[in-house]
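Student: Using only what follows, build the 3D model:
(2 chains)
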Amino acid sequence: MTDAMRRITRRSLGALLAGTAVWLGVRPAFARTPAQRLLSLLREQPLALGALCVKALPGEDADKLTAALMRGCGTDGSSRSAIAANIRDDFAQGRIVDADGWQLSLTEARLCALAALSSRMA
Amino acid sequence: MFVDARKLPDGTVLETEVCIVGGGAAGITMAREFVQSGFRVALLESGGLEAEAETQDLYDGTSIGRPYQDLTAIRLRWFGGTTNHWEGWCAVMDNLDFESRDGVRYSGWPFPRKHLEPWYRRAQTVCQLGPFGYGPDEWGITPARIPAPFNGPHFICQVLQKSPPTRFGEVYRESLRKAPRLTVYLNANALRFVTGRQGGDVQRLDAGALPHGRFTVKAKIYVLATGAVENTRLLLSSGAEGGNGLGNDNDLVGRFFAVHVEYVGGVIAPADPYIDFQMLNGDSADTFKRDVPREFVSYFALSEATRARERLPGMRIRMHQDVGKVAGLEALKRLQAHQDVMKDLGILMRDLGGVASYGWHRMTRGKGVPVNAITMRCTSEQMPDPDSRITLGKDVDALGLRKVAVDWRLSAADKRGAVFNNRLLAREVGRSGLGRMKTLVSDNDNDWPSDMHGDEHTMGTTRMHRDPKQGVVDADCRVHGTSNLYVAGSSVFPTTGTANPTLTIVALALRLADHIKERLA
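Tutor: Residues are numbered from 1 along each chain as shown, chains lettered A, B, ... in the order given. Presented below is the predicted three-dimensional model:
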């Protein structure tokens, strides 16, 4: 990986995680989307689901996950609506990841895995 | 008239036009139909009017395949049969259950569901149900109340009607007692249908009463209506001396033993914990006024179109909600009992937010306590499998009849169907936004969830088929190779679907009664 790519990756990773945090946190509980509620599991059982997603996505490290997520969201990793749209599209197109029985959209599985990996990096 | 067979002199020969063996849902239904006929009917019931341990023990047998239930507990052997502990749930089988399905070997009844519908409608009355109708809209569940993904295309909402439940032995006892040409023999056990050396028609039925009584029934027509396990046992114990049983020229009697397979298939984390799941809850019956208030319950099922297209076994789902607790609310309830006031007051003060949330959601959503998780309780159809079978064991019962050995098996097709169905459900749950589902059914063909068990709906062991090489009974439920022996009950089901079988058993019994009345007219 080149320095330029690493810089982009770090910046993208930061934007994605910040966006995810906003996406998870700002809306009232009863108005959460399914993905938000699912990802709230990360707060309740820290990173447990993320670890399962890492296992379910072999060969995808933080860089690859970030790049894949960025491709789906454009340059703005904090695009909540873009992520939600991608999740819906994953289910419609059958892009499903089996994380220890949890049937997740590829996008949300990648988000969970990324959160787990970034936690390890930190 | 009721007669205690224990008081018959040894060697008595009873002569009648029709002999029905078994006083359960099927046998009593048929007997009722014959009350107004001009011919004599003898109904043989193994038990008396109440439970007796000695008689119940005659059901004993062994399990030599997958562990199956205690055979002396799941069925009841006295007048009224297993309806004496029946819960009363009734449903019609799907159209697809009757069809020959691509990719499902041995599937298909000799007739479509439409053919059976007139008798289904009459069975409603026998089972003391409401009007014929099993669509949700017929029970006040409008399409708007059915959340995605249970409004199609893969999963749909259906309804079970609840019988009071009808205890056939109690409800219909008096009408049978008063019938002039009908005699119910209590404590009368069928032992063996005797045929000529070459098989063929039944010449007589050897019967016994505990402990040592023996008598004979000679009839023009015999009907075997003792349930899928005992029907098998009696046919295998009958026929020509030294033979392999009656109606068993093609080694089919006892094969295709099927039950409904029950297990928890997965858990849903709901997106909206305050969603109204009242309608979805399969654990408590709702009532709806059709003529008079009727009890019913809704459930979800794999649609017939998806089953047919994907070649899947049927699956029915009931949901069980794991409801969360609000600590402050619990403390508030305890405070009213004035027990540990200071402690509960402290809990309440610390959880004022929880109590406020409860109040807010109760007002705005009609429900204050969140649902943490929804457990998916699945009932799967077992695919027809000749290797899943009932045979005779070595031990004998108190009457000298060989006990059964139940070799219950589940095939790879059963397991793969369960895996596919639950994955499809999980994906539909995600796609629809209902939440996310964790499936508990692994890919391994032999590894079922630990709570998996076969229910008490025993079926399939004397399957119906026009071709003697593929079925024990023909489309009229007459045993192939005989002209005067018929079988009633769920043992004739070639494929089982997921519907509770009693209504179909009663419908088939009514149909068979009509056939016999025509024959004897």
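Student: element containing residue B:447?
Tutor: Assessed by DSSP states H and E, residue B:447 sits outside every helix and strand.
Student: for the residue lying closest to it once chain neighbours are set aside, what are its contacts?
Tutor: Excluding the flanking residues, the one nearest residue B:447 by C-beta to C-beta, 6 or more residues apart in numbering or on different chains is residue B:415, at 7.9 Å. (Each C-beta comes from the backbone N, C-alpha and C, glycine too.) Applying C-beta atoms under 8 Å, 6 or more residues apart in numbering or on different chains to residue B:415 gives the contacts B:441, B:444, B:445, B:446, B:447, B:448.
Student: Highest neighbour count among these?
Tutor: residue B:441 (26 neighbours; other C-beta atoms under 10 Å in any protein chain shown).
Student: Could you list the low-pLDDT ranges of the stretch 201-350 of chain B?
Tutor: B:276-292, B:324, B:332, B:348 (pLDDT under 70).
Student: Which one of the residues in it is closest to chain A?
Tutor: With C-beta to the nearest C-beta as the measure, residue B:271 is the residue of the stretch 201-350 of chain B nearest to chain A, at 3.7 Å.
Student: Which of the helices or strands spans residue B:72?
Tutor: Secondary-structure assignment from DSSP H and E places residue B:72 in helix B:71-74.
Student: Which of the helices or strands spans residue B:417?
Tutor: Element membership of residue B:417 [criterion: DSSP H and E] is helix B:412-432.
Student: continuing past that helix, what's the next helix or strand?
Tutor: Trace forward from helix B:412-432 with DSSP H and E and the next one is strand B:435-439.
Student: Mind giving me the packing neighbours of the helix or strand following that next one?
Tutor: As assigned by DSSP H and E, the chain's next helix or strand after strand B:435-439 is strand B:453-454. Identification of packing neighbours for strand B:453-454 by 3 or more C-beta pairs under 8 Å, 6 or more residues apart in numbering or on different chains; DSSP states H and E yields strand B:261-270.
Student: would you list every one of the helices in the chain?
Tutor: If you meant another chain, say so; for now it's chain A. A:3-25, A:34-44, A:48-56, A:62-73, A:80-93, A:106-121 (DSSP state H).
Student: Chain B, not that one
Tutor: Along chain B, counting by DSSP H, helices occupy B:25-34, B:53-56, B:71-74, B:95-98, B:113-126, B:168-171, B:173-178, B:227-236, B:304-310, B:327-335, B:341-350, B:352-365, B:412-432, B:502-520.
Student: So for residue A:104, which of these sits nearest?
Tutor: Ranking these by proximity to residue A:104 (C-beta to C-beta) places helix B:412-432 first, at 7.2 Å.
Student: Now do the buried residues in that closest one.
Tutor: B:413-432 (16 or more other C-beta atoms under 10 Å in any protein chain shown).
Student: For stretch B:434-453, what does the pLDDT average out to?
Tutor: The average pLDDT within stretch B:434-453 is 91.
Student: Next, the distance between the ends of it.
Tutor: Start and end residues of stretch B:434-453 are separated by 28 Å (C-alpha to C-alpha, to the nearest Å).
Student: So for that stretch, what gets flagged as buried?
Tutor: So for stretch B:434-453, counting by 16+ other C-beta under 10 Å, buried means B:434, B:435, B:436, B:437, B:438, B:439, B:440, B:441, B:448, B:449, B:452, B:453.
Student: so how far is stretch B:161-173 from its chain's centroid?
Tutor: Offset of stretch B:161-173 from its chain centre (C-alpha atoms, centre = their mean, to the nearest Å): 15 Å.
Student: Which positions within that stretch qualify as buried?
Tutor: Of the residues in stretch B:161-173, B:161, B:162, B:163, B:165, B:166, B:167, B:168, B:169, B:171, B:172, B:173 count as buried by neighbour count, 16+ other C-beta under 10 Å.
Student: Report the mean confidence score over it.
Tutor: In this model, stretch B:161-173 has an average pLDDT of 96.
Student: just to revisit the earlier point, so for residue A:99, which of the helices of chain B sits nearest?
Tutor: helix B:412-432 (11.2 Å).
Student: CA atoms only: put the closest one into PDB for me.
Tutor: Extracted C-alpha coordinates of helix B:412-432, given in PDB (Å, rounded to 0.1, in the frame of the first residue of the first chain):
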ATOM      1  CA  ALA B 412     -31.200 -34.700   4.000                       C
ATOM      2  CA  ALA B 413     -34.100 -33.200   2.100                       C
ATOM      3  CA  ASP B 414     -35.900 -32.400   5.300                       C
ATOM      4  CA  LYS B 415     -32.900 -30.700   6.700                       C
ATOM      5  CA  ARG B 416     -32.000 -28.800   3.600                       C
ATOM      6  CA  GLY B 417     -35.600 -27.600   3.400                       C
ATOM      7  CA  ALA B 418     -35.400 -26.300   6.900                       C
ATOM      8  CA  VAL B 419     -32.100 -24.500   6.200                       C
ATOM      9  CA  PHE B 420     -33.400 -22.900   3.000                       C
ATOM     10  CA  ASN B 421     -36.700 -21.900   4.600                       C
ATOM     11  CA  ASN B 422     -35.100 -20.200   7.600                       C
ATOM     12  CA  ARG B 423     -32.500 -18.400   5.500                       C
ATOM     13  CA  LEU B 424     -35.300 -17.200   3.200                       C
ATOM     14  CA  LEU B 425     -37.200 -16.000   6.200                       C
ATOM     15  CA  ALA B 426     -34.200 -14.300   7.700                       C
ATOM     16  CA  ARG B 427     -33.500 -12.500   4.400                       C
ATOM     17  CA  GLU B 428     -37.100 -11.500   4.000                       C
ATOM     18  CA  VAL B 429     -37.000 -10.100   7.600                       C
ATOM     19  CA  GLY B 430     -34.000  -8.000   6.600                       C
ATOM     20  CA  ARG B 431     -35.400  -7.000   3.300                       C
ATOM     21  CA  SER B 432     -38.700  -5.800   4.700                       C
END
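Student: That helix vs helix A:80-93, what angle?
Tutor: Interaxial angle, helix B:412-432 versus helix A:80-93 (axes from the mean of the first three to the mean of the last three C-alpha atoms, to 10 degrees): 150 degrees.
Student: Contact partners for the closest residue in space to residue A:109 that isn't next to it in sequence?
Tutor: Nearest residue to residue A:109 in three dimensions, chain neighbours excluded: residue A:97, at 3.8 Å (C-beta to C-beta, 6+ apart). Going by C-beta under 8 Å, 6+ apart, residue A:97 touches A:53, A:56, A:57, A:103, A:104, A:105, A:106, A:109.
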